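Colleague: no sequence for this one, just the structure:
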């Protein structure tokens, strides 16, 4: 037991510090990717609902392809593809090659993946906003951005939050996939610690406990957020007939 | 068909042709047998893990929906733990953890199962099955909860034994409602299979990684596996659509 705690100690003979550094990297990527996904998703949802036929079909291709391919393959394709494209552009403009940092690449790649799922979640929520509300706002001469800010987004938030909560949980767990492209987040840090010390169970269980704590905290947080977002809703009809 | 869709189809076809013509596919004939074997292994892993996982998910869901607390609480904890941690971590925990524990136990090493336990695929299959069971246990919980009460009461009133009620009433009704979700979850499971490549199971993604390491070609093997996964996902979607079309329609 003492031995186990020694392995998890924060200072260098123990590996706790390495795990925490990995956790910090994981969280940065998860938050960044979730945020980027929300922005892409909001744009995508509006495009799918109000856009022209060409835009709608393009977004349809994006969401279908991203959701049908394994994340691992998307990460590899986007990781190499995005770096290549950025470098081609930089070379074309007469600059030197740039090295994209692991965090930025991770955020971009997972953000594009999250964006596809967020598009579908937000589209469903926006469609559930009573059309009369939006028509009324239009009739009052409200500009589109203001309608979105004042009416559509606050009304749909309560409906979108359960789906967004799932997406956030997926984002935290998908950061583990970046271990495969060699980015030192929590899972890879754990594997390094476990491989060096041969205490596989200790470290994998510790990392599992950390992920579990994050997911339970987030579930609780999102439930509170949902209660807040629904505070103005009329009491729902619940229960069967 | 609308004209812009034709243009988009033409662009897509042109992209595919361009990838085929401009790409470097010289490695393909040499690695084709390995790729076919990899696809086969992916399918086996998927089918077996879905079958085992679903078999576990039914009791997990039933325990949570209507079981006594000493069954419901462990089932709930199991589902929460599986759904709250990354699959990659579970795969590595089982493979490296159990894989390092077993050799130190003499009777396991002497048992007849040892040649199997020394390989990677049992751990991959176990991890994938447990993961599917965890997610589906949650789905089945909802499904068993939504079985109308009157049906169960009627069956009980007819004096049906409990297991017959489960087999004839609860399970079919729960399955009907849950088929579309299961289709989506099975595609998610397909997308999870490449993770076992990290513990040296040579499924189709691992073959592609191998090609990339051997030939230093970045994109073409990835495009090929992407196409293979798209095709497999399409087949699963069609299969579930066929299953759904077979279920009896409600006559209102």
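Modeller: Cool, the structure landed. These numbers come from a predicted model, not from an experiment.
Colleague: In three-state terms, how would the residue most central in space within chain A be classified?
Modeller: A centroid search over chain A (Cα atoms, centre = their mean) returns residue A:34, at 2.8 Å, as the residue closest to the centre. For residue A:34, the assignment made with DSSP: H, G, I helix; E, B strand; the rest coil gives helix.
Colleague: isn't it right up against residue A:173?
Modeller: No: using Cβ atoms under 8 Å, residue A:34 is not in contact with residue A:173, being 11.9 Å away. Where you see a C-beta, it was placed from the backbone N, CA and C, and this is true even at glycine.
Colleague: What residue, apart from its backbone neighbours, is nearest the residue nearest to the centre of chain A spatially?
Modeller: Across the structure, with Cβ to Cβ, 6 or more residues apart in numbering or on different chains as the measure, the residue nearest residue A:34 apart from its sequence neighbours is residue A:171 (4.6 Å).
Colleague: where in the chain is pLDDT low?
Modeller: Picked chain A for this. Scanning chain A with the threshold set as pLDDT under 70 gives A:1-14, A:234-241.
Colleague: was after chain B, sorry
Modeller: Scanning chain B for pLDDT under 70 picks out the ranges B:1, B:248-252.
Colleague: got a list of what the closest residue in space to residue B:240 that isn't next to it in sequence touches?
Modeller: Nearest residue to residue B:240 in three dimensions, chain neighbours excluded: residue B:183, at 3.3 Å (Cβ to Cβ, 6+ apart). Residues counted as contacts of residue B:183 (Cβ atoms under 8 Å, 6 or more residues apart in numbering or on different chains) are B:236-237, B:239-241, B:244.
Colleague: distance of residue B:183 from residue B:132?
Modeller: Computed as Cβ to Cβ, to the nearest Å, the residue B:183 to residue B:132 distance reads 13 Å.
Colleague: same check, this time on residue A:88
Modeller: In this structure, residue A:88 lies at 41 Å from residue B:132, with Cβ to Cβ as the measure.
Colleague: residues from chain B in reach of chain A?
Modeller: If contact is defined as Cβ under 8 Å from any Cβ of the partner chain, the residues of chain B in contact with chain A are B:2, B:4-5, B:8, B:80-81, B:83-90, B:92-93, B:96-97, B:100-101, B:187, B:190-195, B:198, B:205, B:218-219, B:222, B:225-226, B:229-230, B:233-234.
Colleague: can you give me the strands in chain B?
Modeller: According to DSSP state E, chain B carries no segments that qualify as strands.
Colleague: what about the helices in it?
Modeller: Secondary structure of chain B (DSSP state H): helices at B:3-22, B:28-66, B:69-84, B:87-92, B:99-101, B:106-110, B:114-117, B:121-145, B:149-157, B:162-165, B:171-192, B:204-215, B:220-246.
Colleague: Name the residues of the first one that are buried.
Modeller: Yep, that's helix B:3-22 we're talking about. residue B:8 (16 or more other Cβ atoms under 10 Å in any protein chain shown).
Colleague: Would you pull up how far that helix lies from the middle of the chain?
Modeller: Centroid separation for helix B:3-22 versus its chain: 32 Å, with Cα atoms, centre = their mean, to the nearest Å.
Colleague: what does that helix contact?
Modeller: Taking Cβ under 8 Å, 6+ apart as the criterion, the residues outside helix B:3-22 that touch it are A:53-54, A:57-58, A:61, B:220, B:223.
Colleague: repeat for the shortest one
Modeller: Under the contact criterion Cβ under 8 Å, 6+ apart, helix B:99-101 has outside partners A:198, A:200-201, B:123.
Colleague: List buried members of these by neighbour count.
Modeller: For the contacts of helix B:99-101, a neighbour count by 16+ other Cβ under 10 Å gives the buried set as A:200, B:123.
Colleague: Return the closest of the contacts of helix B:99-101 with respect to residue B:23.
Modeller: Nearest to residue B:23 among those: residue B:123, at 35.0 Å, using Cβ to Cβ.
Colleague: What distance do you get for the closest one to residue B:131?
Modeller: Counting by Cβ to Cβ, the gap from residue B:123 to residue B:131 is 12 Å.
Colleague: quick one, what contacts residue B:192?
Modeller: For residue B:192, the contact set (Cβ under 8 Å, 6+ apart) comprises A:70, B:87, B:128, B:131.
Colleague: if we go to 10 Å?
Modeller: Taking Cβ atoms under 10 Å, 6 or more residues apart in numbering or on different chains, we find residue B:192 in contact with A:70-72, B:45-46, B:49, B:87-88, B:91, B:127-128, B:131-132, B:135.
Colleague: what sits against residue A:132?
Modeller: So, once contact is read as Cβ under 10 Å, 6+ apart, residue A:132 ends up touching nothing.
Colleague: before we move on, the earlier item: select only the buried ones of the contacts of helix B:3-22 in ChimeraX?
Modeller: Here is the ChimeraX command that selects the buried residues among those (16+ other Cβ under 10 Å):
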select /A:57,58 /B:220,223
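Colleague: from the contacts of helix B:3-22, which two are the most distant?
Modeller: Pairwise distances across the contacts of helix B:3-22 (Cβ to Cβ) peak at 33.1 Å, for the pair A:53 and B:220.
Colleague: Please identify the helix or strand for residue A:94.
Modeller: Secondary structure from DSSP states H and E places residue A:94 outside every helix and strand.
Colleague: so how many other residues sit close to it?
Modeller: Other residues near residue A:94 number 6, with proximity taken as other Cβ atoms under 10 Å in any protein chain shown.
Colleague: and if you look at residue A:50?
Modeller: Counted with other Cβ under 10 Å, residues neighbouring residue A:50 total 11.
Colleague: Wait, it touches residue A:147, no?
Modeller: No: applying Cβ atoms under 10 Å, one finds residue A:50 not in contact with residue A:147, separated by 11.0 Å.
Colleague: Helices of chain A, start to end?
Modeller: Using DSSP H, helices in chain A cover A:2-7, A:16-50, A:53-68, A:71-92, A:102-127, A:131-139, A:144-147, A:153-174, A:186-197, A:200-229.
Colleague: And for residue A:28, the neighbour number?
Modeller: Other residues near residue A:28 number 15, with proximity taken as other Cβ under 10 Å.
Colleague: wait, doesn't it sit right on residue A:172?
Modeller: No: look at residue A:28 against residue A:172 with Cβ under 10 Å: they stay out of range, at 11.5 Å.
Colleague: Enumerate every residue touching the residue nearest to residue A:34.
Modeller: Residues counted as contacts of residue A:171 (Cβ under 10 Å, 6+ apart) are A:26, A:29-37, A:110-111, A:113-114, A:117-118, A:218.
Colleague: Return a ChimeraX selection command for the buried portion of the residues you listed.
Modeller: Here the buried members of the contacts of residue A:171 are turned into a ChimeraX selection, burial being counted by 16+ other Cβ under 10 Å:
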select /A:26,29,30,32,33,34,36,37,110,111,113,114,117,118,218
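Colleague: Distance check, residue B:59 against chain A.
Modeller: 23 Å (Cβ to the nearest Cβ, to the nearest Å).
Colleague: where do the contact lists of residue B:123 and residue B:131 overlap?
Modeller: Counting by Cβ under 10 Å, 6+ apart, the contacts common to residue B:123 and residue B:131 are residue B:91.
Colleague: How about residue A:106: what's its closest non-neighbour residue?
Modeller: In space, and not counting its chain neighbours, residue A:106 is closest to residue A:29: 4.3 Å by Cβ to Cβ, 6+ apart.
Colleague: isn't that neighbour right up against residue A:113?
Modeller: No: the pair residue A:29 and residue A:113 fails to qualify as a contact (Cβ under 10 Å) at a distance of 11.9 Å.
Colleague: Show me whatever sits in contact with both of those two.
Modeller: Both residue A:29 and residue A:113 are in contact with A:171, A:174, where contact means Cβ under 10 Å, 6+ apart.
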